[in-house]
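Asks: Give the three-dimensional model of this entry:
(one chain, ligands or ions: 1)
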Amino acid sequence: MSQQPFLPFSKPTIDEATISAVGDVLRSGWITSGPKVQAFEAQLSEYFGGRPVRTFNSGTCTMEIALRIAGIGPGDEVITTPISWVATANVILEVGATPVFADIDPVTRNIDLAQVEAAITPRTKAIIPVYLAGLPLDMPMLYALANKYNLRIVEDAAQALGSSWDGERIGATGDFVSFSFQANKNITSSEGGCLVLNNAEEARLAEKYRLQGVTRSGFDGLDVDVLGGKFNMTDIAAAIGLGQFAHIEKITAHRQNLARHYFKCFGSDFEKQYGAQLPPADFENSNWHLFQLVLPERKDGLPARATFMEQMQAHGVGIGYHYPPIHLLSLYRAQGFKEGMFPVAERVGRLIVSLPMFTAMTEADVERSVAAVKAVLKAG
Ligand SMILES: *Cc1c(COP(=O)(O)O)cnc(C)c1O
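Replies: Model prediction:
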């Protein structure tokens, strides 16, 4: 149908300065964790108002390590959302704790704090909130709940670098805050992540969990007193991260402009006319990691999302889906979760789609994407 090149839903943009910086690392004789990692951590720490920051080889392991630092394990319950990448719940199982889900808010698609409060038991030790698409939760409400029940928070801000709440940058306040630099995130290190911590003691523990539990001293002193893993970021990845991070403000502003253009192109009667639900029109807090629609069900009984994705592809536009509900995946069904437990998450998880949104996109790409959505929904 389309003569234009395929428009993917996401793709990384790496500038020539970054490519050349990676070459420098490869030629330097030091390609694992070294000066680039230190420089990246220093810049991130400054960005988060001086809080300690440590980098890792994924966003996933930052959350696992945060749970370990908090001393969470067997017998403890951790509450999270069913609508996230499965990593968010997997880390709870990884430390031997019990995942507990709470349903989402149908408008923000983030965990509903009233449902979280209802799910708290004497065994609850932590909450892992997720800022889906880069839209944060109401931070004062989240932390009021944490204080009331004496719970740790591990913010899964994997998608929220550059987001803020009420003028305060996500990561600059709060308890543990975790970010991902996976290839599709707003900035990437190819793979990687970072964890914002509360104090030097936690940062020291994070370093141990990151590298086999090792503490070094003097010329040849080495001891291991906790069981750590192998989660360190390489200088190759850090060089990419540094090159990307230099553009964070520009990237966030560009995405906010693209999101504004999406709203303009959809128009104010889109939801009524097509039965699809737009995201909240937030241009203050969100970094617009994703632009997500919740589709209407189809009258002909065909699966709404698969059909939509196939037809958008025929229009030359790529569509993502973030995410199928975690509690309905086989591993979680085996823990006793089933259909009907979280009805909002189940509907949103079945019908949510991510439209193209990435740094190199133009307003013309947004127009193409919206025209295709309208054509496909009209035909259905
Ligand atoms: C990307 C992502 C993760 C995992 O990050 P990795 O760096 O891929 O390990 C976790 N949670 C959410 C919400 C994500 O988007």
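Asks: residues in contact with Glu297?
Replies: Listed by CB atoms under 8 Å, 6 or more residues apart in numbering, the contact set of Glu297 reads 304, 351. Just so you know, the C-beta spots here come from the backbone N, C-alpha and C atoms, and that holds for glycine as well.
Asks: meant to ask about Gly228, not that
Replies: 208-214.
Asks: Also Ala87?
Replies: Contacts of Ala87 by CB under 8 Å, 6+ apart are 59-60, 63, 158.
Asks: who wins for neighbours among those?
Replies: Using other CB atoms under 10 Å as the neighbour criterion, Met63 leads those with 30 neighbours.
Asks: any idea how far the closest residue to the ligand within the chain lies from Leu44?
Replies: The ligand sits closest to Gly59 of the chain, with a gap of 2.9 Å, by CB to the nearest ligand atom. Distance, Gly59 to Leu44, by CB to CB, to the nearest Å: 13 Å.
Asks: Show me the contacts of Gly228 that map onto helices.
Replies: Using DSSP state H, the subset of the contacts of Gly228 located in helices is 208-210.
Asks: need the residues of the protein near the ligand, please.
Replies: 58-60, 84-85, 87-88, 130, 156, 158-159, 180, 182, 193 (CB under 6 Å from any ligand atom).
Asks: Redo these as TSV? Include distance to Ser286, pLDDT and secondary structure.
Replies: Formatted as TSV, these follow (distance: CB to CB, whole Å; pLDDT from 0 to 100; DSSP: H, G, I helix; E, B strand; the rest coil):
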residue	distance to Ser286	pLDDT	secondary structure
Ser58	23	98	coil
Gly59	18	98	helix
Thr60	23	98	helix
Ser84	16	98	coil
Trp85	18	98	coil
Ala87	21	98	helix
Thr88	19	98	helix
Val130	13	98	strand
Asp156	15	98	strand
Ala158	14	98	coil
Gln159	10	98	coil
Ser180	16	98	strand
Gln182	19	98	coil
Gly193	20	98	strand
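Asks: which one of the residues you listed is nearest Met357?
Replies: Gln159 (11.1 Å; CB to CB).
Asks: need the contact list for the closest residue in space to Gly243 that isn't next to it in sequence.
Replies: Distance criterion CB to CB, 6 or more residues apart in numbering; nearest residue to Gly243, sequence neighbours excluded, is Thr18 at 2.8 Å. Counting by CB under 8 Å, 6+ apart, Thr18 touches 239-240, 242-244.
Asks: re earlier: just the closest of the residues of the chain next to the ligand to Gln256, please.
Replies: Nearest member of the residues of the chain next to the ligand to Gln256, counting by CB to CB, is Gln159, at 14.5 Å.
Asks: Can you report how many residues neighbour the residue lying closest to the closest one once chain neighbours are set aside?
Replies: With sequence-adjacent residues excluded and distances taken as CB to CB, 6+ apart, Gln159 is closest to His289, at 4.0 Å. Neighbour count of His289, defined by other CB under 10 Å: 27.
Asks: Make sure His289 is actually in contact with Ala157.
Replies: No: checked against CB atoms under 8 Å, the pair His289 and Ala157 is beyond contact range at 10.1 Å.
Asks: residues of stretch 264-277 that come out buried?
Replies: Within stretch 264-277, the residues that qualify as buried are 265-266, 270, 274, 276-277, counting by 16 or more other CB atoms under 10 Å.
Asks: Run the chain-centre distance for that stretch.
Replies: Relative to the mean C-alpha coordinate of its chain, stretch 264-277 is positioned 26 Å out (CA atoms, centre = their mean, to the nearest Å).
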